[in-house]
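1. predicted structure and sequence below. I'll ask about it afterward.
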Amino acid sequence: MIVQIPDVLGADELAHFRQVLQAAPWVDGLVTAGHQGAAVKRNRQLPEDSPAARALGEHVLAALERHPLFISAALPARVYPPMFNRYEGGETFGTHVDNAVRLLPGGGGAQIRTDVSATLFLAEPESYDGGELLIEDTFGAHAVKLPAGHLVLYPSSSLHRVEPVTRGVRLASFLWVQSLVAEVTERALLFDLDTSIQRLAATGADEAARLQLTGVYHNLLRRWARP
Ligand code: NI
């Protein structure tokens, strides 16, 4: 299930993000790479504990919490604090799968299971060449390169890569979600059902049917959720 979430950040917010990121202390992205990622990762990141990463990360989280499509698609139980990366001059992140479990920074040893991965695009697509996020699923590889301020959600279990950036600078934020519903197939069913219920609500056509389907939604969620 690959879901695009439009307009997580607006134009003013993006201008602020770019200004902060321009002056930020970028380091080699290998600092957070797992063993299998390290061999193929060539990019730069903000240190997780840098003031810029913390302030912008909190801004991203607040924007996502207000976004009904994010809540519906990810069903978040815990969110890893957003991080920031930068690719230029041919930098790339070869095919890999994200680590299944991560230590939450400052979490006193608390862990997060990565069910959903997210990339929030911060640079306009026409400002750089390459840099597509390629996500593989059973239907093949999907290239994702979204307008600045838009976000893509995909299962953390997917093989994925970032194509080399051959012109300009690709700026993005990325994060992981531990979902209330770990199984991607169950999460996808709930998302489809919720989307249909919202459409039905917008028509106002059959309130009794909408209520019944809402009951089905919550009873499935009750069955599958592991808070
Ligand atoms: Ni990854």
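-> Looks like it came in fine.
2. spatially central residue in this structure, please.
-> residue 118 (1.1 Å; Cα atoms, centre = their mean).
3. roughly how far is the helix ranked longest in the chain from the heart of the chain?
-> Selection of the longest helix in the chain by residue count, based on DSSP state H, yields helix 184-203. Centroid separation between helix 184-203 and its chain, computed with Cα atoms, centre = their mean, to the nearest Å, is 20 Å.
4. likewise stretch 134-153?
-> Worked out by Cα atoms, centre = their mean, stretch 134-153 lies 10 Å from the chain centre.
5. next: stretch 73-87.
-> For stretch 73-87, the distance to the chain centre is 5 Å (Cα atoms, centre = their mean).
6. and stretch 69-77, by the same measure?
-> 11 Å.
7. tell me which residues of it come out buried.
-> 69-70, 72-77 (16 or more other Cβ atoms under 10 Å). C-betas here are computed from N, CA, C, even on glycine.
8. state which strand of this protein is the longest.
-> strand 169-179 (DSSP state E).
9. chain neighbours aside, what residue packs nearest to residue 49?
-> residue 105 (7.1 Å; Cβ to Cβ, 6 or more residues apart in numbering).
10. again but with residue 59, I slipped
-> residue 13 (7.1 Å).
11. next: residue 220.
-> Using Cβ to Cβ, 6+ apart, the nearest residue to residue 220 is residue 190, at 6.2 Å.
12. what separation is there between that neighbour and residue 218?
-> Counting by Cβ to Cβ, to the nearest Å, the gap from residue 190 to residue 218 is 10 Å.
13. between these two, who's got more neighbours?
-> residue 190 (22 against 12; other Cβ atoms under 10 Å).
14. distance check, the more buried one against residue 11.
-> Residue 190 is 33 Å from residue 11, by Cβ to Cβ.
15. repeat for residue 154
-> Residue 154 is 26 Å from residue 11, by Cβ to Cβ.
16. is residue 160 in contact with residue 119, as I believe?
-> No. The criterion here is Cβ atoms under 8 Å, and residue 160 misses it with residue 119 at 9.2 Å.
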